[in-house]
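>>> Predicted coordinates and the sequence they were generated for:
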Amino acid sequence: MGSPKLPVLLLPHPLILLPTARVTLPISRSLADAILSLLDDSDAVLAAIPLPAPDSPSEVTYGTAARIARLVRPRNQSSPTQPYLLSLHGIQRIRFPTPIQIDRSETLPVHNVVYPSSEGIPSRDTVEAFKHAALLLLDRLAKDSPQPQRKDDWLRVAAIVEDISEQRAAWMADVLVAAVSSQYPDKLAFLAATDVEDRLRRATELFVKQSSIQEVSKKIASAVDESFSRQQKEYFLRQQLAAIQRELQSLQSSPASVGTGFGTGGATSELDDDDQADADDLADLRRKIEALDVGSEERKVGIREWRRLKRIPQGSVENGVIRSYLEWLTSVPWPSNQTTTPLDVLKDHSFLTRARAQLDADHYGLDQIKRRLMEYLAIVRLRAIADAAQTQAQGNNPSTDTFPGATPTPPTKSKGVKGPILLFVGPPGTGKTSLGQSIAKALGRPFQRISLGGVRDEAEIRGHRRTYVASGPGSIVQALRKAGRNDPVILLDEVDKVGHSNFHGDPAAALLEVLDPEQNHSFNDHYINVPIDLSQVLFICTSNTIDTISAPLLDRCEVVELSGYTYDEKMHIAKRFLLPKQICANGLSDSQLTLTDDALLHVATMYTREAGVRSLERAIGAVVRFKAVEWAEEGNAKQNENGNEKQDGNANENGVRKEWRATVEPHELEKILGIPRWDGEERDREEKRGVVYGLVVTGMGEGGILPVESTALPGTGRLKLTGSLGDVIKESGEIALSWVKTHAFELGITAGRGVDPLKVPDVIDVHLHLPAGAQKKDGPSAGIAMITLRGRVTPVGGIRMKVLGAHRAQIRKVILPWANRKDVEHDVALEVRREMQFFFVRTIDEALEAAFGRGALGWRKETVLLESRL
């Protein structure tokens, strides 16, 4: 005859059902339907097993056979959220022949069970120990019970325990353990005790443990109540904590009376010894304070706060505030614990060579920035060598003018080289942030980045004062703490997007002290409130434009423009950095994919047109992913061929297999990336009457071109301007029309002087339009595109960005003001100047001749421009 089988119900953790006990728990509708089918039997019994703890094995060996006592339907049966209520009554312990795995599905799986033998009579000594422990616990519970009815119940149970027979002792143990609050591991071990002797022994240990807990809790409460008074209410929790700590110390000093490892298996954790860890932290804090320079401001403040900390009780709020402050104060890299570049590294002749190689390996081009950084590194090296020689000379030639007994003067510490304040200005994607990381790597210094975009509170820079709740230091001090040195490279990202003055203060004004080389040697954070030396920090700011940066802040920075990359630079960047990065990120190797130079140039010119390389990297990533899919399909096809020669998983509809090609040609890009975005504009751009292309700089700092369209139409003799134009652009259009009216006779527009060309011979309107009407257009001037009132061509800004924008748009002929000739020669790369033709003009006459050709307009009279001296 086989062993009996029972449906198994999983009890939620930490619920345990013991024999003679009764529990009620919510269940889902699906479980309720399964249990309803069991109620048809006269003996509706199931196996209730406890859910193990999350960190314990997921196998269960023991449980309890339970009878279904009650199943209550929810009031609103149409609501799926209201659960059923199931009441179970424990009958007998059960054991599974083989441990079962936990099944969390909403079902009642059926398993074989074994009913352990409950026969046997425990020894008299075991029963007497059980009765003694049980009566002691019941007496303690009756005394501590605040309700009279509850007290009478405990006393009645104690009377039953006194008269219990040896045969019924095991049954009484189940009743008492189920009624007494105890820990989950203890109850689980008691459930697994099938032997009567073992069960009573475990119940005795559990009762002794619970009695000790009740006694300690009562003692703690009594100790607190004795010292509790009307004036000490706020210290109630502190006194209770102190009483708990005293009891714990007494338990640690005395040997354990009962077995070890109840509920924990004797395991220890580093989180348990709070007292020792707290003492170690305080000792470490004291060592850090003692390590500060004698006589320094930070040491004086640290000693003063340490003495306050020792006077204040440990559990008070002020104690935690002072301790947090001392932890921040000692974690700042002060001059006493600073770590700088070793002297032998600076003395090495290859120091500058290795730094230059590091910069070249991380970024292509950017010669102006690299030259400035190499200047700084050379000065750091020479200054360190000179300071070392001076220190050695002072040691070899001590002063002889001192009198006997005088204290020798300590050698003066070198202040080092002040770090420059660099401001990288350029469009997105030109490598401003990554360049800061490369600089830190070349210098061998830690790198920290602080994002200033959207910062609108001055306290985020300077920190909050200690009078505020949950105050803390500002982002500058936090960066120094993370770096661990007083000479890191700190990148202040998006400095042009910092919030302006409001009721929280002015964050931009707070940066003035940080970025001023004459002031940041004693930077004052509101939380630390001790001068901090920032002169050795290399600050690098990034910005898309300088228009939104305040003038005082801009004056403290050394502006370095990253206007954008040429196509030649983008080709080098794509081959050296972007393509290998995308190949590695998509699980391919260099031998599995190759993009030809023509394909890379086609991607750069026809699919991306930006100053940076972010869109170029995304386009290259799309190509690499497309080829990665083809390579994966090729690998699957080869596996299918090896397994079954009749299958060909990489064949097209005609049954012809496609061959894997590792090289990507330009004609394949349209299938991968779609139709080119910029192909139509180059083909459509041609010489048209009334259209001129102006050079512009967008709000993100990118250069580009913008067509200016004009036409004459019947009207009332006025100028019409459209295209979301700003006031300056509108005024420039009116000035240009005024100049044309003034010189209409010389240009051959009218038959005589003083005649309005908009009214004679026909009344017309001039419509001036700038496309892309959804974009606002304004600036300091409209440049040559709309000229000036006197006919002079004045200089404009952003020449390098505008020239690169024209170069990206494949414009090869550019007319620029004569005053900007030096900007082209100094800022524009030589390869760009070789591919483009520049015309530098002083007047509008020269601009017209450069645009239409010499003599093409047929001026009626040579115009002589005289400059007014009034």
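That came in fine, so what should we check first? This one's a predicted model, so the numbers in the text were calculated from it and none came from an experiment.

>>> Quick check: Leu423 touching Asp555?
No. If you go by Cβ atoms under 8 Å, Leu423 and Asp555 don't touch, sitting 10.7 Å apart. To be clear about C-beta, it is placed using only N, CA and C from the backbone, and glycine gets the same treatment.

>>> Give me the more crowded residue out of those two.
Taking other Cβ atoms under 10 Å, Leu423 and Asp555 do not tie; Leu423 has more neighbours (24 against 11).

>>> Kindly list the main-chain dihedrals of the more buried one?
Phi and psi for Leu423, reported as degrees, to the nearest 10, are phi -120, psi 110.

>>> wait, what's in contact with the closest residue to it other than its chain neighbours?
Using Cβ to Cβ, 6 or more residues apart in numbering and skipping the chain neighbours, the partner closest in space to Leu423 is Cys557 (3.7 Å). Going by Cβ atoms under 8 Å, 6 or more residues apart in numbering, Cys557 touches 421-423, 515, 541.

>>> now do Asp598
Contacts of Asp598 by Cβ under 8 Å, 6+ apart are 665-666.

>>> Tabulate the CA atom coordinates of the helix or strand that contains it in PDB.
Here Asp598 is covered by helix 597-602, with elements defined by DSSP states H and E. Extracted C-alpha coordinates of helix 597-602, given in PDB (Å, rounded to 0.1, in the frame of the first residue of the first chain):
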ATOM      1  CA  ASP A 597      37.000  56.000 -47.000                       C
ATOM      2  CA  ASP A 598      34.400  56.900 -49.700                       C
ATOM      3  CA  ALA A 599      31.700  55.300 -47.500                       C
ATOM      4  CA  LEU A 600      32.800  57.300 -44.400                       C
ATOM      5  CA  LEU A 601      32.900  60.500 -46.400                       C
ATOM      6  CA  HIS A 602      29.500  59.800 -47.900                       C
END
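
>>> For it, which residues meet the burial criterion?
599-602 (16 or more other Cβ atoms under 10 Å).

>>> Read off the pLDDT value for Ala159.
For Ala159, the model assigns a pLDDT of 84.

>>> what's the answer for Ala782, then?
For Ala782, pLDDT reads 62.

>>> quick one on the thing from earlier: tell me the one among the buried residues of helix 597-602 nearest to Gly463.
Nearest to Gly463 among those is Leu600, at 48.6 Å by Cβ to Cβ.

>>> from what I can see that closest one touches Lys575, true?
Yes. If you go by Cβ under 8 Å, Leu600 and Lys575 touch, sitting 6.9 Å apart.

>>> which stretches of the stretch 651-800 of the chain have low pLDDT?
651-659, 678-686, 699-701, 773-774, 779-789 (pLDDT under 70).

>>> would you list every one of the helices in it?
Secondary structure of the stretch 651-800 of the chain (DSSP state H, counting those that start in this stretch): helices at 669-673, 679-684, 727-742, 799-808.

>>> So which other helices or strands are in contact with the shortest one?
Okay, so that is helix 669-673. Contacts defined by 3 or more Cβ pairs under 8 Å, 6 or more residues apart in numbering; DSSP states H and E place helix 669-673 against helix 614-643.

>>> residue boundaries of the helices in the stretch 451-600 of the chain?
Under DSSP H, counting those that start in this stretch, the stretch 451-600 of the chain gives helices at 459-462, 475-483, 507-514, 551-555, 567-573, 579-585, 597-602.

>>> try the stretch 101-250 of the chain
124-144, 148-162, 169-179, 184-191, 196-227, 236-253.

>>> quick one: the second one to chain centroid distance?
The one in question is helix 148-162. From the chain centre to the centre of helix 148-162 is a distance of 61 Å (Cα atoms, centre = their mean, to the nearest Å).

>>> Alpha carbons only: can I get it in CSV?
Provided in CSV are the C-alpha atoms of helix 148-162 (Å, rounded to 0.1, in the frame of the first residue of the first chain):
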residue,chain,number,x,y,z
PRO,A,148,-7.3,41.4,33.7
GLN,A,149,-9.1,39.0,31.4
ARG,A,150,-5.8,38.1,29.6
LYS,A,151,-4.1,37.6,33.0
ASP,A,152,-6.8,35.2,34.1
ASP,A,153,-6.4,33.2,30.9
TRP,A,154,-2.7,32.7,31.5
LEU,A,155,-3.3,31.6,35.1
ARG,A,156,-5.9,29.0,33.9
VAL,A,157,-3.4,27.6,31.4
ALA,A,158,-0.8,27.4,34.2
ALA,A,159,-3.2,25.4,36.3
ILE,A,160,-3.7,22.9,33.4
VAL,A,161,0.1,22.6,33.0
GLU,A,162,0.5,21.7,36.6
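
>>> Report all helices and strands that that helix contacts.
In terms of contacts (3+ Cβ pairs under 8 Å, 6+ apart), helix 148-162 is packed against helix 124-144, helix 169-179.

>>> Then the longest one?
Taking 3+ Cβ pairs under 8 Å, 6+ apart as the contact definition, the neighbouring helices and strands of helix 196-227 are helix 124-144, helix 169-179, helix 184-191, helix 236-253.

>>> Against which helices or strands is the third one packed?
To tie it back to what came earlier, the one meant is helix 184-191. Partner elements for helix 184-191 (3+ Cβ pairs under 8 Å, 6+ apart): strand 59-72, helix 196-227.

>>> And the contacts of stretch 818-837?
Contacts of stretch 818-837 (Cβ under 8 Å, 6+ apart): 561, 563, 566, 568-569, 793-796, 799-800, 803-804, 806-807, 811-814, 816, 838, 840-842.

>>> Roughly how far does Glu831 sit from Trp631?
36 Å (Cβ to Cβ, to the nearest Å).

>>> now the helices and strands packed on helix 184-191 as a markdown table including distance to Ala32 and mean pLDDT?
Listed next are the helices and strands packed on helix 184-191 as a markdown table, based on distance: least, Cβ to Cβ, whole Å; pLDDT from 0 to 100:
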| stretch | distance to Ala32 | mean pLDDT |
| --- | --- | --- |
| strand 59-72 | 7 | 85 |
| helix 196-227 | 34 | 78 |
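
>>> For Leu534, find the nearest of these.
Using Cβ to Cβ, the helices and strands packed on helix 184-191 put helix 196-227 closest to Leu534, at 50.6 Å.

>>> Pass me the low-pLDDT residue ranges in the stretch 1-150 of the chain, would you?
Those would be 1-2, 41-43, 55-58, 76-82, if you go by pLDDT under 70 across the stretch 1-150 of the chain.

>>> Quick one: the strands in it, in order.
For the stretch 1-150 of the chain, the strands defined by DSSP state E, counting those that start in this stretch occupy 5-11, 22-27, 45-50, 59-72, 84-101, 110-112.

>>> now do the stretch 351-500 of the chain
421-425, 447-451, 489-493.

>>> circling back to that earlier point, quick one: average pLDDT of the helix holding Asp598?
So the average pLDDT for helix 597-602 ends up being 88.

>>> circling back to that earlier point, nearest to Ser28, of the helices and strands packed on helix 148-162?
Across these, closest to Ser28 is helix 169-179 (Cβ to Cβ), at 25.7 Å.
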